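# Requesting a structural model of the entry that follows:
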Amino acid sequence: FIITDNQTLLLGVQSNQIKTKDQDEYYGIDRFKGSRVINSIFTGYSGKFNKIGTQINLRQDNINTGLSSTTGLFGISYDLDQHWKIAGNISNSFSAPTLPQLYNSGAGGNINLKPEEDNSIETSLQYFGNTENLRIVVFNKDIKNLIQAGTTLVPGSAFTHILENVSKAKNSGIEFSGQKSFNNLTFKASATFQDPLDKITNTQLLRRAKEFSSIEIIYIYNQFSFGGQTFISSSTTDVAIGDGCNSSNPACRKNAGYSVFNLNGSYKYDKNWTLRLNLENIFNKTYQQAYGFNTPGFGAFLTIQYQP
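Okay, the predicted model is just below:
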């Protein structure tokens, strides 16, 4: 709803009916299956009064398992001039365990998992120009019952760990992002420096990097588009591997930092048809984000898209 030229109101209802099944293709046996219904109502308000902007969101979720939660966000911004502004918001969120996280025991599922809950606060400084923008965000998030891999292995597995809740966790840091355009050429970059912390053990949260960044270049020429991207991540800690690896050995508890390079190109034949080629991990980098599980190597993907 448009209240005035500078105020809007959103009201909505939503119902999600989710069914999940994992089946052994060879034997035709269901490893697990489950269903869930989530009914939600939500509202949002945004307004702009001279140099001050406001945003308020509220949401109520009800799950047929008996779980329910009310979450929201309050944000405010102030225009310093026509290019610069400062902003801040506080919010909370609720995330119930997914069906595989609960019931897929072979992949670490745990029916005793509790929903994740968090309280967040952000402040930012933003710049918007004709051909460039810049955003600096300082954030802090306190998390209750974070879901992550635990220390107990799935029976019969050498690498897969049963999921568990971390009762208290925290993540705070600073994020930089921006882009600049020169005619047909656009540069994008972002970098995050954070401290994901298990507040009970005072150690780095598992499989969460303290530093990561990305750089992207896009060039457009008539109907053609060419681009390249690199993603860089620092090392992450991981659970100890029980298969002949002593938990006191740091080498068994760390995923090394890595960088991945991708290329892409597209050709827009007309307003409806587009041809795209994506080349991922072009140097066939071997790396892992979870100990014992390699990520995909080099891949090429050709797509033809029709969009009337």
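
# where are the low-confidence patches of the stretch 151-300 of the chain?
240-252 (pLDDT under 70).

# how about the strands in it?
In the stretch 151-300 of the chain, strands defined by DSSP state E, counting those that start in this stretch lie at 161-182, 185-198, 203-204, 211-221, 224-233, 236-237, 254-255, 258-268, 273-280, 288-290, 293-294, 299-306, listed in chain order.

# Out of these, the one nearest Asp118 is which?
Closest to Asp118 of the strands of the stretch 151-300 of the chain, according to Cβ to Cβ: strand 161-182, at 8.6 Å. Placement of C-beta: from N, CA and C, glycine included.

# Check which helices and strands the closest one sits against.
Secondary-structure packing of strand 161-182 (3 or more Cβ pairs under 8 Å, 6 or more residues apart in numbering; DSSP states H and E): strand 132-153, strand 185-198.

# Make TSV out of the strands of the stretch 151-300 of the chain and add distance to Thr54.
Below are those laid out as TSV (distance: least, Cβ to Cβ, whole Å):
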stretch	distance to Thr54
strand 161-182	23
strand 185-198	27
strand 203-204	36
strand 211-221	31
strand 224-233	35
strand 236-237	38
strand 254-255	42
strand 258-268	38
strand 273-280	39
strand 288-290	39
strand 293-294	45
strand 299-306	39
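
# Can you add distance to Ile121 and mean neighbour count and give those strands back as TSV?
Formatted as TSV, these follow (distance: least, Cβ to Cβ, whole Å; neighbours: other Cβ atoms under 10 Å):
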stretch	distance to Ile121	mean neighbour count
strand 161-182	9	17
strand 185-198	14	17
strand 203-204	21	14
strand 211-221	21	15
strand 224-233	25	16
strand 236-237	25	21
strand 254-255	29	18
strand 258-268	31	16
strand 273-280	36	15
strand 288-290	28	16
strand 293-294	34	10
strand 299-306	39	10
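
# And those: which comes nearest Gln7?
Here strand 161-182 is closest among those (Cβ to Cβ), at 28.6 Å.

# Measure how the closest one sits relative to strand 185-198, angle-wise.
150 degrees (axes from the mean of the first three to the mean of the last three Cα atoms, to 10 degrees).

# ok, what's across the strand from Ser124?
Per DSSP bridges, the residues bridged to Ser124 are Ala87, Val137.

# oh, and call the first residue 51 from now on, that's how I've got it
With the count now opening at 51, the last piece we talked about shows up as Ser174.

# isn't it right up against Arg185?
Yes. Assessed by Cβ atoms under 8 Å, Ser174 is found in contact with Arg185 at 6.1 Å.

# Now do the contacts for the residue nearest in space to the middle of the chain.
Nearest to the mean C-alpha position of the chain, by Cα atoms, centre = their mean, lies Arg258 at 11.5 Å. Contacts of Arg258 were listed using Cβ atoms under 8 Å, 6 or more residues apart in numbering, and they are 221, 244, 246, 286.

# Any chance of a markdown table for the residues you listed, columns distance to Gln64?
What follows is those, written out as a markdown table (distance: Cβ to Cβ, whole Å):
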| residue | distance to Gln64 |
| --- | --- |
| Asn221 | 28 |
| Gln244 | 31 |
| Pro246 | 31 |
| Thr286 | 34 |
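
# between those, which is nearest Phe209?
Closest approach to Phe209 among those (Cβ to Cβ): Thr286, at 15.5 Å.

# and Gly245, what is it in contact with?
To be clear, residue 245 is Asp; Gly isn't right here. Applying Cβ under 8 Å, 6+ apart, the residues contacting Asp245 are 220-223, 254, 260.
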